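*Asks:* Requesting a structural model of the entry that follows:
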Amino acid sequence: MNKGLRRWTAALLGVVIPAAVAWAGPYPDQPIRLIVPFGAGGVTDTTARVFAEGLTRELGQPVVVENRGGAGGSIAAGAVAKSPADGYTLLVITNGMVAVNPLIYKKLPYDPNKDFTYVAMLANTPTVLAVGAESPYASLPDIIKAASAQADKIAFSTAGEGSDNYQVLELLQQATGVKMLHVPYKSGSESMTAVMSRNTDLTAVSAVTAVGFIEAKQIRPFAVTSSGRLPNLPDVPTVKEVLGKDVEGGSLSGIAVPKGTPVEVVARLNAAIAAVAKSASVRDKIYTRGSEPVDGAQEAFERKVVAEQKKWADILSRPAQ
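*Replies:* Coordinates of the predicted model:
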């Protein structure tokens, strides 16, 4: 290639390359994956699917939910942490994944403080402490009495260590000083099946999904893990009403992206999530069924992560009372 041709080619590339960049469409211009760290059927999955539906409308691209359960959400979090930081792989992340998992697992495939940017919280959902319809236990005090008489006599099922129902039942043991046997499953639905079939004695199910099981008489609710009675379950007392102990907890979910995702993409996602949170669909399918609205600001989510980490570091290092 002669010098003149090389100069001409370089000049042409100098025009074409910036033009190609300019032609690239604004984010998003392709489908987005929303990774759910637990199996289908639980409150995290339900919340994710309702928001994914709304985000599809807001962003103009399909937001496709992928369930990737296991290890209290660690498998999903590890995969997303290694994904490209381009805004096309989102993670539904819970308080257990950022605050409990680092305390109970010796090695994690992710670092909650280094691998993610926290975009926005979605909802906070208290749980219902419940037994199967055929359970021989008539009340929460009966369960505690049996557990007090013999360690590990009462078996409780969860969606795995670090899950919201694991956290709540850990709080219950701390508050009452009893020791129960933990039986982990991969999802909230499997955990529910275990208690309904009497393979386990007790579980904590989200207030969003509990109502249908209660109405179908498949479970019996003993108490809610909230500061006050819930509008959708007005006849179910709080744990404090029943035991005189403060046991408040549940599932706090939000959306995170890999660290390094462009700030403008994070801002776009945050705005879209805020719009979806105000929609009738989210109000009717999430907030009126037992979940509580949360502050949607990115800064609020970051502060909450820090607060949850401090809270659980204290709880899990404290001996049972």
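
*Asks:* okay, CA-based contacts and neighbour counts for the rest of this
*Replies:* OK.

*Asks:* Could you give the number of residues near residue 30?
*Replies:* 12 (other CA atoms under 10 Å).

*Asks:* in terms of contact, does it touch residue 59 like I think?
*Replies:* No: using CA atoms under 8 Å, residue 30 is not in contact with residue 59, being 10.0 Å away.

*Asks:* Excluding covalently adjacent residues, which one is nearest to residue 246?
*Replies:* Excluding the flanking residues, the one nearest residue 246 by CA to CA, 6 or more residues apart in numbering is residue 240, at 5.3 Å.

*Asks:* sec struct for the one you found, please.
*Replies:* Recorded secondary structure, residue 240: helix (DSSP: H, G, I helix; E, B strand; the rest coil).

*Asks:* Hmm, it is touching residue 229, no?
*Replies:* No: using CA under 8 Å, residue 240 makes no contact with residue 229, being 10.5 Å away.

*Asks:* where's the residue nearest to residue 246 relative to residue 147, distance?
*Replies:* Residue 240 is 18 Å from residue 147, where distance means CA to CA, to the nearest Å.

*Asks:* more crowded one of these two?
*Replies:* residue 147 (21 against 17).

*Asks:* tell me which element that one falls in.
*Replies:* helix 140-149 (DSSP states H and E).

*Asks:* in this protein, which spans are strands?
*Replies:* Using DSSP state E, the strands of the chain run over 32-36, 63-67, 89-94, 116-132, 155-158, 181-184, 202-206, 219-224, 250-258.

*Asks:* deepest of the ones you listed, which one?
*Replies:* Among the strands of the chain, strand 202-206 has the highest mean neighbour count (mean count of other CA atoms under 10 Å), at a mean of 31.

*Asks:* orientation of that one relative to helix 140-149 in degrees?
*Replies:* Angle of strand 202-206 versus helix 140-149, following axes from the mean of the first three to the mean of the last three CA atoms, to 10 degrees, is 140 degrees.

*Asks:* Let's test this: mean pLDDT of stretch 95-112, rounded?
*Replies:* For stretch 95-112, mean pLDDT rounds to 93.
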